[in-house]
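Participant: Output the structure for:
(one chain, ligands or ions: 1)
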Amino acid sequence: MERKHSTLHIFFFPLMAHGHMIPMIDMAKLFATKDVKVTIITTPLNVPFISKAIEISKTHQSKEINIQTINFPTESGLPEGCEHVDSISSPELRSIFIKKTTKLLQKPFEELLLQQHPNCVVADVFFPWATNSTAKFGIPRLIFHGCSFFSLCANEVMRLHEPYNNTSSDSELFVLPDLPGEIKMTRLQVANFSKNGTEVDKFWEEVRESEATSYGVVVNSFYELEPAYADYYRNVLGRRAWHIGPLSLCNREKEQKAYRGKEASIDEHECLKWLDMKNVNSVVYVCFGSMASFPGSQLGEIAMGLEASKQQFIWVISKGKEDGEEWLPEGFEKRMEGKGLIIRGWAPQTLILEHEAIGAFVTHCGWNSTLEGVSVGVPMITWPLGAEQFYNEKLVTEVLKIGVPVGVKKWGDIEGGGIKWDAIEKAVKMVMIEENAEEMRNKAFELARMAKQALEDGASSHLSLNALIQELDSPLR
Ligand SMILES: O=c1ccn([C@@H]2O[C@H](COP(=O)(O)OP(=O)(O)O[C@H]3O[C@H](CO)[C@@H](O)[C@H](O)[C@H]3O)[C@@H](O)[C@H]2O)c(=O)[nH]1
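Facilitator: Got it, this is the predicted structure:
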């Protein structure tokens with residue numbers, strides 16, 4: 001019989017960005033089902049995002065989830081009300097918010113540790129200072145990167161070996177040395193690894209130190225998805241890691257899937273009704289996560305590409321782009337009536353993705369979206385923009401072989417990479433209707449089966465989570 005763990009109290013402290021809060025809330029819910037006392041730490045304006053997700057997930061089988069707020073000190077320098085990445089539109093200010101402003105939370109966070117003395121803290125990778133804070137009180141700190149094993153490994157290999165230094169041009173391919181799978185990339189696809197002592201470099205150095213001295217890493221993935229990289233991360237790079245995903249699958253009720261991050265801009269019933277009228281695997285879902293916002297020119301190319309592909313689609317366009325939509329080809333929406341559904345704002349993504357009518361996912365390869373696609377067996381058209389997304393593209397297209405790249409060449413082009421309509425048309429057709437589509441779909445389907453299996457009693461993620469809880473609960477730790 002499985003042991004109950006009623007004495008543990010764990011803090012979960014996500015960065016205030018949807019791509020981080022969504023999986024950490026899921027993680028907290030998962031731990032609560034193991035009878036662990038769980039507290040999510042955030043700032044006051046972020047409480048509604050969390051409380052609604054918790055409210056609709058209440059069950060008799062899980063412990064209550066607490067929310068504890070700490071205030072941003074007044075010297076944050078940001079306009080009032082900026083407590084979430086979503087409320088800041090400039091990429092530069094977002095970077096300041098993530099890498100600098102959040103440091104101001106250290107003091108109030110330590111006061112909370114003193115008051116409540118939890119047994120463990122799972123804190124976001126963007127809070128490197130949390131390792132020192134917890135050490136002051138003898139509390140183990142786990143890091144949540146929010147990324148795949150593959151990208152964690154590739155990133156470290158890139159940093160250690162700097163293979164891009166041996167190329168003569170930005171577009172020449174080089175191999176990531178030592179990493180399983182002969183993964184090739186170009187210098188253009190790599191984030192800047194400068195060692196110029198800039199603020200950003202210093203920040204990542206702090207992150208590395210905090211990881212080295214932390215208790216370990218929790219990973220939103222499952223072993224069968226990327227076994228070679230899970231092994232490499234542990235055995236070659238020497239990290240202590242627990243894989244406990246896919247976290248999104250802990251939401252079983254429709255209501256939980258419909259509300260993730262924030263209220264959807266479309267009535268979920270209306271959206272599902274629209275999908276119910278479509279054939280199996282006949283609709284492309286297009287969404288670029290919680291942060292990307294493309295200029296009109298790039299959106300215009302997407303519209304033309306979708307139309308040229310002759311495939312039905314649901315296309316999520318982030319808010320702010322609806323004003324003066326002169327970028328839409330003339331008469332586009334009229335022509336697409338019944339064929340295409342545009343959601344302006346926020347979509348109930350996991351609910352849409354799991355619908356049998358969805359046949360492909362055009363994604364920016366944020367890890368949550370990628371894993372959500374994998375978990376429901378949908379092949380992908382990969383359109384990475386920045387962060388670790390180019391690594392995820394490699395995983396999807398070359399390791400798992402469940403997708404094709406749309407052809408973005410350069411890391412960090414948040415405007416979309418200047419992808420033209422014909423490249424979009426081609427990639428969409430390849431995944432939806434062409435020769436290899438069936439093979440990709442079968443592979444994706446098999447991975448989805450494994451994803452669900454991983455969370456079952458006695459399977460990989462279930463065992464890993466239990467092992468972690470048991471270790472944290474052990475008097476010998
Ligand atoms: O209309 C939308 C848009 C997004 N989502 C959800 O929002 C999350 C988005 O996460 P992700 O796909 O990872 O994208 P980002 O928000 O861009 O995530 C950031 O954080 C991730 C985790 O660290 C990284 O993998 C990404 O590269 C980084 O950009 C997912 O759960 C989506 O289901 C919705 O529910 N509706």
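
Participant: For the rest of this, base every contact and every neighbour count on C-alpha atoms.
Facilitator: Noted.

Participant: Remind me which helix or strand residue 156 belongs to.
Facilitator: Using DSSP states H and E, residue 156 falls within helix 149-161.

Participant: just checking, what packs against that helix?
Facilitator: With contacts taken as 3 or more CA pairs under 8 Å, 6 or more residues apart in numbering; DSSP states H and E, helix 149-161 sits against helix 227-231, helix 389-394.

Participant: Go through the first one and flag the buried ones.
Facilitator: Using 16 or more other CA atoms under 10 Å as the burial criterion, the residues of helix 227-231 that qualify are 229, 230, 231.

Participant: Say whether the ligand is contacted by the helix or strand of the chain with the lowest mean pLDDT.
Facilitator: Using mean pLDDT, DSSP states H and E, the weakest-scoring helix or strand in the chain turns out to be helix 91-99, at a mean of 85. No - using CA under 6 Å from any ligand atom, we find that helix 91-99 stays clear of the ligand, coming within 11.7 Å at best.

Participant: and that helix, which residues are buried?
Facilitator: Using 16+ other CA under 10 Å as the test for burial, helix 91-99 gives 94, 97, 98, 99.

Participant: What is the longest helix of the protein by residue count?
Facilitator: Taking DSSP state H as the criterion, the chain has its longest helix at helix 437-454.

Participant: Surely residue 53 is in a helix?
Facilitator: Yes - per DSSP: H, G, I helix; E, B strand; the rest coil, residue 53 lies within a helix segment.

Participant: just checking, it touches residue 255?
Facilitator: No - using CA atoms under 8 Å, residue 53 makes no contact with residue 255, being 9.3 Å away.

Participant: circling back to that earlier point, quick one: residues in contact with the least confident helix or strand of the chain.
Facilitator: 15, 85, 88, 126, 200, 203 (CA atoms under 8 Å, 6 or more residues apart in numbering).

Participant: How far off centre is it?
Facilitator: Mean-position distance between helix 91-99 and its chain equals 18 Å (CA atoms, centre = their mean, to the nearest Å).

Participant: Just the CA atoms of whichever helix or strand comes after that helix, as PDB, please.
Facilitator: Of the helices and strands lying after helix 91-99 in sequence (DSSP H and E), the nearest is helix 106-116. Extracted C-alpha coordinates of helix 106-116, given in PDB (Å, rounded to 0.1, in the frame of the first residue of the first chain):
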ATOM      1  CA  GLN A 106      14.000  37.800  -1.200                       C
ATOM      2  CA  LYS A 107      13.500  39.600   2.100                       C
ATOM      3  CA  PRO A 108       9.800  39.100   2.500                       C
ATOM      4  CA  PHE A 109      10.300  35.500   1.300                       C
ATOM      5  CA  GLU A 110      12.800  34.900   4.100                       C
ATOM      6  CA  GLU A 111      10.400  36.400   6.700                       C
ATOM      7  CA  LEU A 112       7.900  33.800   5.500                       C
ATOM      8  CA  LEU A 113      10.400  31.000   5.800                       C
ATOM      9  CA  LEU A 114      11.100  32.100   9.300                       C
ATOM     10  CA  GLN A 115       7.500  32.100  10.200                       C
ATOM     11  CA  GLN A 116       6.300  28.900   8.600                       C
END
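
Participant: what packs against helix 106-116?
Facilitator: Contacts defined by 3+ CA pairs under 8 Å, 6+ apart place helix 106-116 against helix 130-136.

Participant: which parts of the helix it packs on are buried?
Facilitator: 130, 131, 132, 133, 134.

Participant: what's near enough to touch the last one?
Facilitator: By CA under 8 Å, 6+ apart, the residues touching residue 134 are 110, 113, 121, 140, 141.

Participant: If we use 7 Å, what do you get?
Facilitator: Listed by CA atoms under 7 Å, 6 or more residues apart in numbering, the contact set of residue 134 reads 140, 141.

Participant: got a pLDDT number for it?
Facilitator: As predicted, residue 134 sits at a pLDDT of 98.

Participant: Can you tell me the SS state at the closest residue to the ligand within the stretch 101-250 of the chain?
Facilitator: Nearest residue of the stretch 101-250 of the chain to the ligand: residue 146, at 3.8 Å (CA to the nearest ligand atom). Using three-state DSSP, the structure places residue 146 in coil.

Participant: you'd agree it is up against residue 220?
Facilitator: Yes - taking CA atoms under 7 Å as the definition, residue 146 is a contact partner of residue 220 at 6.3 Å.

Participant: Leaving out sequence neighbours, find the closest residue to residue 272.
Facilitator: Leaving aside its chain neighbours, residue 272 sits nearest to residue 352 (7.2 Å; criterion: CA to CA, 6 or more residues apart in numbering).

Participant: Quickly list the domain ranges of the chain.
Facilitator: Per the record, the chain has its domains at 9-245+455-472, 255-451, by automatic domain parsing.

Participant: Just say which of these is most tucked in.
Facilitator: Comparing the domains of the chain by mean neighbour count (mean count of other CA atoms under 10 Å), domain 255-451 ranks first with a mean of 20.

Participant: Quick check: residues of the stretch 51-200 of the chain near the ligand?
Facilitator: By the rule CA under 6 Å from any ligand atom, the part of the stretch 51-200 of the chain lying against the ligand is 145, 146, 147.

Participant: shaky segments in this protein?
Facilitator: Confidence mapping of the chain against pLDDT under 70 gives the ranges 1-6, 60, 193-195, 319-324.

Participant: do you know how far the one residue sitting closest to the centre of it is from the ligand?
Facilitator: Nearest to the mean C-alpha position of the chain, by CA atoms, centre = their mean, lies residue 368 at 2.9 Å. According to CA to the nearest ligand atom, to the nearest Å, residue 368 stands 4 Å off from the ligand.

Participant: show me the contacts for that residue.
Facilitator: For residue 368, the contacting residues are residue 19, by CA under 7 Å, 6+ apart.

Participant: Cheers, nothing more for now.
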